[in-house]
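[1] Kindly return the folded structure for what I paste below:
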Amino acid sequence: MTRYMLKLAFILVAAVALAAPVRAEIAPFAEATKEMTIGDPKAPVTIIEYASLGCPHCARFHADSFPRLKKEYLDTGKARLIYRDFPLGTPAMAASMISRCAGPARYFGFVDMFYRSQQQWSRAENPLLALAKVARFGGMTGDDVNACLKDQTLLDNLQENANKAQLEDEINATPSFLINGKKISGALAYEDFRSLVEDALKKAQ
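    Numbering: from 1, shown residues only. Predicted structure coming up:
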């Protein structure tokens with residue numbers, strides 16, 4: 001994620017939001033920037049996922065593999081998932097901002113909505129308007145979305161976290177995973193991913 005891309009993201013996001021009303025029902029900054037997790041914090045295996053909502057491989061992982069991962073490992077206390085936004089491009093940045101403005105309780109629901117509708121909004125003539133239409137299904141109004149996209153502090157936070165991921169975890173593609181610290185890149189078939197989780201589980205016991 002280059003500085004040019006991030007600067008361009010801000011310019012385009014700000015442009016679509018200039019007419020936003022002052023009042024909107026969105027999560028405060030402290031809530032919007034929380035670590036978004038699923039599963040028991042005490043689980044022996046921690047899976048950190050770096051993903052972009054505009055990434056087709058990420059969408060496929062969440063459609064094909066994530067439901068089974070959740071059922072077998074996250075819901076059973078064997079593993080927990082930490083989902084970290086690594087937006088690639090302006091529409092993906094906007095989608096991440098909107099999801100976080102929805103707040104922790106609705107965050108993963110928005111992530112799921114944006115993945116499911118990815119082909120529609122990512123290919124739209126006006127992707128930001130298309131994202132706002134999707135967000136209505138999650139209960140966010142156009143005013144909410146506009147206010148969210150004007151939040152410079154949230155944008156800065158997402159950019160800083162992405163830069164930190166590049167420097168500290170050497171993340172340069174999505175999806176990328178850290179399974180108890182072991183880096184995995186790409187949307188693996190579920191059985192292959194499951195094997196890696198099982199290996200980490202055995203080592204942790």
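[2] For P56, give me its contacts.
    Q118 (C-beta atoms under 8 Å, 6 or more residues apart in numbering). For glycine as for every other residue, the C-beta is placed from the backbone atoms N, C-alpha and C.
[3] Now do it, the pLDDT please.
    Per-residue pLDDT puts P56 at 96.
[4] That one and A63: what is the separation?
    10 Å (C-beta to C-beta, to the nearest Å).
[5] same check, this time on S176
    In terms of C-beta to C-beta, S176 sits 18 Å off from A63.
[6] swap in A130?
    Taking C-beta to C-beta, one finds A130 at 19 Å from A63.
[7] between these two, which one's more packed in?
    A130 (18 against 14; other C-beta atoms under 10 Å).
[8] Quickly note the distance from the more buried one to A95.
    10 Å.
[9] and the most centrally placed residue in the chain, bridged to which residues?
    The structure's the chain has its C-alpha centroid closest to D85; by C-alpha atoms, centre = their mean the separation is 3.9 Å. For D85, the beta-bridge partners are A51 (DSSP bridges).
[10] Spit out the contact partners of it.
    Contacts of D85 by C-beta under 8 Å, 6+ apart are A51, S52, L53, S96, S99, R100, L158, N161, A162.
[11] what's the answer for F110, then?
    F110 neighbours (C-beta under 8 Å, 6+ apart): I98, S99, A102, A135, G138.
[12] how near is it to P104?
    11 Å.
[13] For the chain, which residues score under the pLDDT cut-off?
    1-24 (pLDDT under 70).
[14] mind listing the helices for it?
    3-16, 29-32, 56-64, 66-69, 90-101, 104-116, 118-122, 127-136, 142-149, 152-169, 190-204 (DSSP state H).
[15] which phi and psi does the spatially closest residue to Y190 that is not a sequence neighbour have?
    Spatial nearest neighbour of Y190, chain neighbours left out: S65 (4.2 Å); criterion: C-beta to C-beta, 6 or more residues apart in numbering. With angles defined as degrees, to the nearest 10, S65 sits at phi -100, psi -40.
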